[in-house]
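Participant: have a look at this prediction, sequence included:
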Amino acid sequence: MTKNDLTGDKITGGKRNSSKNGYTVYRKVNKKTHSKAVKKPQESIKISFLGGMNEIGKNMMVYEYKNDMFIVDCGLAFPGTELLGVDSVIPDFTYIEKNISKIKGLIVTHGHEDHIGGVPYLLKKFRIPIYSTKLTLGLISGKLEEHGLLKKAKLIEIAPNDKISLGEFNIEFIHVNHSIPDAIALAVSTPTGVIIHTGDFKIDTTPVDGDMIDLAKFAEYGTNGVLALLQDSTNAERPGYTMSEKTVGESFANLFRKAGKRRIVVATFASNIHRVQQIIDVAKQLKRKVAVVGRSLENLVQVGEDLGYLNVPKNILISIDNIKDYTDDKLVIITTGSQGEPMSALTKIANGDHRKVMATPNDYVIISATPIPGNEKMVGNVVNELMKRGVEVIYENMYEVHVSGHACQEELKLMMGIIKPKFFIPIHGEQKHLQRHAMLAQAMGISKKNIYVADIGSHIAINEKEIKTLEDVESGEVYVDGIGVGDVGNIVLNDRKHLSADGIIIIVATIDSISGDIVCGPDIVSRGFVHVRESEELINSTRDLARNVIYDTYKSKNHDWNTIKTNLRDEVSRMMYERTKRRPMILPIIMEL
């Protein structure tokens, strides 16, 4: 699909103030020459925050002006340990559903999971055109194909400096540096003013792809006047500047040589295509073959190579099935699992569960990532298991095997300084990140009353005079479990927590419907509570109690099965707590003949 295939939308290039390219510039009325002009009440730009605030991940926002709306990003978050069995978490789309007739499109700033992971679930419900850069659309296409949605999707490729019109909105795309290529910021223009939405970014003066962030474009908007700046807060607590991605390549070169004749295993984020490129480059210098492990990483390499974002020398990549054909000193394995994810390739290798890669003392493992807050223990477990197998593991920051893709404090202040916004809204981060970012904005001279720290569900209106808080919109979390979306809620999760904490006892009995005699059972099944063979006395007592409860309830002429089950739960639960001080889930199954 070409850029101009979407009817009614314009994608143009060139200077921002050119009227020939279809981009409208709104100018203030000169009261002296138009003394009879009546000043109309100023329309506000409304913003709704559906994700990415007070959390890391599932970024999603909605911009609204008059009767037009568009969405920025639709990501997912990975579940915490309390969300037992849940695969991922996506935003609540209720507000989108209520306003679907106004939605003109979805703009995706870059290809990380916390910005694209929710797209398939959104497109299952709504037909919304998607605008993004080539690599981002390539990654989205792979996801949509998995869900059987690609043929129905409308994907519009854009590039930095392109401009599109979505109803009343005029949007220009600005190139930024991040840990994945093709990341963009947005300049959103309306008659009320311009809003800059940075997306995830950092200022890298020596990027791997050689294309530095377009500071001149941001400065141009700053000179002309910016109403509000919405800026990435992920590293707002970190002083100084974020190191260039090229420093990691230099560290790889040193560490790969230090590995000597050992097999090298590098774990990194599956989406970090720049990191993968540098690993391949160093492997080529040392005449090593490269094998890739992990489905998401394999997909990224395939898409990156197909679209020209990865330069893979001929014959350097080999299948993981063929690593046995090469000696250790001729191999580099790139794998997922840098965050210690339980089902990741590196974790399976560390635990000896991987079918094709076995850890040995002749392995040299480099974890090229910093643990996301909350993942430190999982990463530590993986490191410990590898070391038990005699593996040398490089994971400390001192080796510079990872740099962030997000701006630190000095970069954040630099952007504020050149954009010079009237209003400031920190986005993408937990409360501590947002608040620290707000303090940086104050230090840069932005008035406290002009700074707004949002939450999920916040709904605001911005005009030249103020940021006004509106009534919250519907928002929250939707859990994805297998093919189920939203069918796992608090009740199911509470049951899972109960089961994981105390286990379950199942009581099975068959009753004669006429006499009330127990024809079969009661049989007692224990899972996750006690081992039946080692707790025969407790199981026998439970069986006797269950038999007495069934007879007593039936003799009282109460043949209601729900009453029998309730009495069984109450009495067996009471006895279990008296004997063990634990409360397993009690599940009676009563059958009638």
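Facilitator: Thanks, I have it. No experiment lies behind these values; they were computed from the predicted model shown.

Participant: give me the outermost residue of this structure relative to its centroid.
Facilitator: Going by Cα atoms, centre = their mean, the residue of the chain most distant from its centre is S515, 59.4 Å out.

Participant: tell me the confidence at that residue?
Facilitator: For S515, the model assigns a pLDDT of 71.

Participant: cool, M1 as well?
Facilitator: 44.

Participant: ok, S251 next?
Facilitator: pLDDT, S251: 90.

Participant: cool, G117 as well?
Facilitator: Taking G117 on its own, its pLDDT is 92.

Participant: going forward, begin numbering at 561 instead of 1
Facilitator: Okay, using 561 as the starting number, the last item reads as G677.

Participant: just checking, it touches D647?
Facilitator: No - counting by Cβ atoms under 8 Å, G677 does not reach D647; the two are 10.6 Å apart. No exception for glycine: its C-beta is placed from N, CA and C like everyone else's.

Participant: the two: which is more packed in?
Facilitator: Remark: of G677 and D647, G677 carries more neighbours, 24 against 16, as counted by other Cβ atoms under 10 Å.

Participant: identify the residue nearest that one in space, chain neighbours excluded?
Facilitator: Sequence neighbours aside, L636 is the residue nearest to G677 in space, at 3.1 Å (criterion: Cβ to Cβ, 6 or more residues apart in numbering).

Participant: got phi/psi on that neighbour?
Facilitator: Dihedral angles of L636 (phi, psi; degrees, to the nearest 10) stand at phi -130, psi 170.

Participant: and for it, the neighbour number?
Facilitator: Neighbours around L636, by other Cβ under 10 Å: 26.

Participant: that one against K618, yeah?
Facilitator: Yes - using Cβ under 8 Å, L636 makes contact with K618 at a distance of 5.4 Å.

Participant: find residues that contact each of the two.
Facilitator: 649-650, 674, 677-678 (Cβ atoms under 8 Å, 6 or more residues apart in numbering).

Participant: OK, contacts around K662?
Facilitator: 624, 627-629.

Participant: and it, what pLDDT?
Facilitator: pLDDT at K662 comes out at 97.

Participant: give me the distance between it and R848.
Facilitator: 54 Å (Cβ to Cβ, to the nearest Å).

Participant: likewise for S1095?
Facilitator: 56 Å.

Participant: more neighbours: which of those two?
Facilitator: With other Cβ under 10 Å as the criterion, S1095 and R848 differ in neighbour count, and R848 comes out ahead with 22 against 16.

Participant: where do the helices sit along the stretch 961-1110 of the chain?
Facilitator: 969-979, 991-1003, 1050-1062, 1096-1115 (DSSP state H, counting those that start in this stretch).

Participant: now do the stretch 811-960 of the chain
Facilitator: Going by DSSP H, counting those that start in this stretch, the stretch 811-960 of the chain shows helices at 833-845, 855-866, 905-911, 936-948.

Participant: Throw the shared contacts of L636 and K618 into TSV and include distance to I1022, thanks.
Facilitator: Listed next are those as TSV, based on distance: Cβ to Cβ, whole Å:
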residue	distance to I1022
V649	29
I650	27
D674	25
G677	28
G678	25
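
Participant: okay, these in JSON lines with secondary structure and distance to E705 next?
Facilitator: Converted to JSON lines, the shared contacts of L636 and K618 look like this (DSSP: H, G, I helix; E, B strand; the rest coil; distance: Cβ to Cβ, whole Å):
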{"residue": "V649", "secondary structure": "strand", "distance to E705": "23"}
{"residue": "I650", "secondary structure": "strand", "distance to E705": "19"}
{"residue": "D674", "secondary structure": "helix", "distance to E705": "21"}
{"residue": "G677", "secondary structure": "coil", "distance to E705": "15"}
{"residue": "G678", "secondary structure": "coil", "distance to E705": "16"}
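
Participant: between these, which is nearest E971?
Facilitator: D674 (19.9 Å; Cβ to Cβ).

Participant: so where's the stretch 961-1110 of the chain shaky on pLDDT?
Facilitator: By pLDDT under 70, the weakly predicted segments of the stretch 961-1110 of the chain are 1043-1044, 1046-1050, 1053, 1056, 1074, 1076, 1092, 1094.

Participant: let's see 90
Facilitator: 961-963, 1036-1065, 1067, 1069-1104, 1106-1110 (pLDDT under 90).

Participant: next up, the contacts around L1098.
Facilitator: 1090, 1139-1140.

Participant: please consider this matter closed, and thank you.
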